[in-house]
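Enquirer: have a look at this prediction, sequence included:
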Amino acid sequence: MVRKETAEGTKVHERENRLALGDFVERAPDLSKEERMAILEILGAVSEGARDLARRLSLGPLHGLTGSSGQVNVQGEEVQAFDEIAQEIFSGLLGASGRVSLLVSEEREHPEVFPCLSESFHVAMDPLDGSSNLSVSGPVGSIFALYRGAGLRGEDPARDFLESTREVVCAAYVLYSVSTLLVVAFRDEVRMYALDPSSGHFLPLPGPVRFPDGGGQIVSINTGNYTRWEPGVRQYVDALHGRPAWSARYVGALVMDFHRNLLKGGIYLYPGDLPKGGAGHPEGKLRLLFEAIPMAFIARAAGGLATNGHRPILEIPASHIHQRVALVVGSRERVTEYSHLSGSPDPV
Ligand code: AHM
Ligand code: MG
C-alpha cells in the first residue's frame, strides 16, 4: 500500500513538472494578456517551422542539400543551402503570424518589416546555427530572441529595432539532433519540449531546467585559436590544466554546446581572436542580437551567467543589428571562475 502511494505520488509529481507551452506562457511574469497571446503565436510559428525544418534536415543528405549554396552572406560567410531554407521557413511563418513587426536575421542584411494588426514583438533569429556541421550530419540549431518594441516608427527599421534591444521578454532555441528539442525561457524559468514526430507536437519534458548544483566541469572552446587569444583567455585555459577535474567538449554548434553545458554543467567560450592571414574575429565571432543575448537570457533564467569578459552580455548596448561580441556563458560557478582566472571583472 505504501509502495503504491509512493509510485502514484511520483507520477503526479512528474506530471506537474511537465508544463505545456501554453501554460508556461500563461504564467510568465510581467506580461499583458495581449502580449501572452502574441508570444504564444510567435512560439507556435517557431514550433511549426522547427517541425518542418527537422523533417527536411533529416532528408538533406538524400537530396544533396548538405553543402554550400555558393553564396556569401552579409557576415562574409559561406551560405549553406539549409541556411537559406531555414531563413525562408521561419521568416514566412513569423511574418504570417501577424505578431512580429520587425525581424532581424543572420541571413538578411536589413530587418524585414511585417504588417501587424495587434500586439507584436521584434524578433531576432539565427535560423540555422552551426550549419557547417550539416555536411557530417552533426547537430545544428535555431535561435530566437523576442524584444519588446514599438514596430516601425521612423524610416529606419534597423534603428527602431536597436532601440528595443534592452528589453528581452522571451528567448528560445531549437536543437536538431538525436531528437528535436525546443527550449524556451522567460525571465526566471526555462522549460524544455521534445518533438514527437508521430503527432508533430512538441511535448513537455520535466522541468524547470537549471544548471546543476556545483556548476559542472565541462569547458567548450575552440583551442585551435589559442595563439590568437588575448592573454587573459590564454591564462584561463592554462590554469584549467592545473584543475583536478574538467572535461573539454566542443561540437562547433553553439546551440549543442550550450545545451549540453546547461544540462550537465559547464561553460562555453568564443572570445575575440586576432586576425591571422586575413581571418579572425577580434570582437568575437558570435552575434549579439541573435546568438549572445538569447543564450545569455536563457542562461540567467537557468541560474547561470554570461559576459563578454568585460561586462554582462545583457547590459551591452547594441549599436548595429549584426554586431559581434565575445561570449562566455554557462553556470554561475564556471563563469565566475573564468573571470577570476582570466583577470576579468566580476560577471555580475
Ligand atoms: P554560424 O551562425 O555561422 O553557424 O556560426 C556560429 C557558430 C557557432 O554555432 C559555433 O559555436 C561557432 O560558430 C563555431 O565556430 P568555430 O568553427 O570557429 O569554432
Ligand atoms: Mg549562428
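Expert: Received the coordinates, thanks. Remember, predicted model here, so these are calculated numbers, not experimental data. Ligands and ions are numbered 1, 2, ... in the order given.

Enquirer: CA atoms for contacts and neighbours, from now on please.
Expert: Noted.

Enquirer: three-state assignment of the spatially closest residue to Pro111 that is not a sequence neighbour?
Expert: Closest residue to Pro111 apart from its sequence neighbours, by Cα to Cα, 6 or more residues apart in numbering: Val104 at 4.6 Å. Counting by DSSP: H, G, I helix; E, B strand; the rest coil, the backbone at Val104 sits in strand.

Enquirer: looking at it, Val104 is touching Glu112, isn't it?
Expert: Yes - when contacts are counted by Cα atoms under 8 Å, Val104 is listed as touching Glu112 (6.5 Å).

Enquirer: show me the chain divided up by domain.
Expert: Listed domain ranges for the chain are 11-204, 218-342 (source: automatic domain parsing).

Enquirer: can you say which of those domains is nearest to Phe211?
Expert: Phe211 lies closest to domain 218-342 among the domains of the chain, at 5.2 Å (Cα to Cα).

Enquirer: checking the closest one against ligand 1, do any of its residues make contact.
Expert: Yes - Domain 218-342 reaches ligand 1 (Cα under 6 Å from any ligand atom) through Asn222, Gly252, Ala253, Leu254, Leu286.

Enquirer: tell me how many other residues surround the first one.
Expert: It stands for Asn222. 16 (other Cα atoms under 10 Å).

Enquirer: measure it to Thr180 for me?
Expert: 25 Å (Cα to Cα, to the nearest Å).

Enquirer: next: the last one.
Expert: The span separating Leu286 from Thr180 equals 23 Å under the rule Cα to Cα.

Enquirer: which of the helices and strands in the protein ranks last by mean pLDDT?
Expert: The helix or strand of the chain with the lowest confidence, counting by mean pLDDT, DSSP states H and E, is helix 2-17 at a mean of 54.

Enquirer: show residues contacting the helix or strand following that one.
Expert: Following helix 2-17 in sequence order, the next helix or strand is helix 21-27 (DSSP states H and E). Where contact means Cα atoms under 8 Å, 6 or more residues apart in numbering, the residues beyond helix 21-27 that reach it are Arg36, Ile39, Leu40, Arg191, Pro204.

Enquirer: try stretch 226-233
Expert: Taking Cα under 8 Å, 6+ apart as the rule, stretch 226-233 contacts Arg234, Pro271, Gly272, Asp273, Leu274, Pro275, Lys276, Leu341, Ser342, Gly343, Ser344.
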